[in-house]
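Colleague: Sequence unavailable; structure follows:
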């Protein structure tokens, strides 16, 4: 099964490893390919913004 076939994708891991960057890139890629996307961050640093 391809990553693009997933309905829910959770990204987790240690701090400072690029989770927000990877999550954002995957969300943009999915949206550009016509997928409906909801990107939610629980990071208290609020480093994810609406900048598209």
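Modeller: Perfect, I can see it now. Note that the structure is predicted; figures quoted are calculated from it, not measured. Numbers count the residues shown, from 1 in each chain.
Colleague: Not counting residues beside it along the chain, what's closest to the spatially most central residue of the chain?
Modeller: Centroid-nearest residue in the chain, with Cα atoms, centre = their mean: residue 23, separated by 2.4 Å. Spatially, and ignoring its direct neighbours in sequence, residue 23 is nearest to residue 11 (4.8 Å; Cβ to Cβ, 6 or more residues apart in numbering). The way it works is simple: take the backbone N, C-alpha and C, and place the C-beta from them, glycine included.
Colleague: Make sure that neighbour is actually in contact with residue 21.
Modeller: No. Using Cβ atoms under 8 Å, residue 11 is not in contact with residue 21; the gap is 10.0 Å.
Colleague: Among the two, which residue is more densely surrounded?
Modeller: Neighbours were counted for residue 11 and for residue 21 using other Cβ atoms under 10 Å; residue 11 has more, 15 against 12.
Colleague: mind listing what the more buried one touches?
Modeller: 19, 22-23, 26 (Cβ atoms under 8 Å, 6 or more residues apart in numbering).
Colleague: From the residues you listed, pick the one nearest residue 39.
Modeller: Looking at the contacts of residue 11 and their distance to residue 39, the nearest is residue 23, at 6.4 Å (Cβ to Cβ).
Colleague: To what extent is residue 28 buried, counted in neighbours?
Modeller: Neighbours of residue 28 under the rule other Cβ under 10 Å: 13.
Colleague: ranking the contacts of residue 11 by neighbours, who comes first?
Modeller: Among these, residue 23 has the most neighbours (other Cβ under 10 Å), with 19 neighbours.
Colleague: what helix or strand does that one sit in?
Modeller: Remark: residue 23 resides in helix 19-32, with elements defined by DSSP states H and E.
Colleague: I'd like the average pLDDT over that helix.
Modeller: Averaging pLDDT along helix 19-32 yields 90.
Colleague: now for it, which elements pack on it?
Modeller: Of the remaining helices and strands, none touches helix 19-32 by 3 or more Cβ pairs under 8 Å, 6 or more residues apart in numbering; DSSP states H and E.
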